[in-house]
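Enquirer: could you work out the structure for the sequence below:
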Amino acid sequence: SSGINAEYGDLGKSENVIKCNKCKWFYHMRCMSISKSMVKTVTDYPWDCSSCKTCSVCDAPDGEENLMFCDICDRGYHTYSVNMSALPRGRWECRLCVMCTCCGTNVPGDGDWRFQHNDQ
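Expert: Reported below is the predicted structural model:
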């Protein structure tokens, strides 16, 4: 677990920071663009900063131009590792986070399950 610590920021206000699992540096959540809705998710697994992040499928750090991040958990994925031909426009949610709008499950219903791509 990455864990969140409160530190005092530039303005003297308490700010949440998160520790990178790999480099062990601390980052303000706001500086890493981690929204309040992402906090619970990113602290439930060994979070990596953008400099240390690798693809969650192939674990390769290269191919940055094809690396995208889940809008819920901030995990990184290469487009080619999830069978996508291009970076998505708008929100994108990985298979660990995407849920059916009707029933709320994230379990695939058939053999053609793909990662969600939403142009909204």
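Enquirer: confirm Met68 sits in a strand?
Expert: Yes: with DSSP: H, G, I helix; E, B strand; the rest coil as the criterion, Met68 is located in a strand.
Enquirer: and it, what does it touch?
Expert: Met68 makes contact with Gly76, Tyr77, His78, Thr79, Leu87, Pro88, Trp92, according to C-beta atoms under 8 Å, 6 or more residues apart in numbering. (Each C-beta comes from the backbone N, C-alpha and C, glycine too.)
Enquirer: 7 Å instead?
Expert: Contacts for Met68 (C-beta atoms under 7 Å, 6 or more residues apart in numbering) come out as Tyr77, Thr79, Leu87, Pro88, Trp92.
Enquirer: and for Ala86, the neighbour number?
Expert: Each residue near Ala86 was counted by other C-beta atoms under 10 Å, and the total is 9.
Enquirer: that one touches His78, doesn't it?
Expert: No: using C-beta atoms under 7 Å as the test, Ala86 is too far from His78 to be in contact (11.8 Å).
Enquirer: what about the helices in the chain?
Expert: All helices of the chain, identified by DSSP state H, fall at 39-42.
Enquirer: report the central residue of it.
Expert: Centroid check for the chain by C-alpha atoms, centre = their mean gives Asp74 as the closest residue, at 0.9 Å.
Enquirer: just give the closest residue to that residue, not the sequence neighbours.
Expert: Nearest non-adjacent residue to Asp74, counting by C-beta to C-beta, 6 or more residues apart in numbering: Val42, 5.2 Å away.
Enquirer: list the contacts for that neighbour?
Expert: With contact set as C-beta under 7 Å, 6+ apart, Val42 has these partners: Ser2, Ile18, Ile34, Cys73, Asp74.
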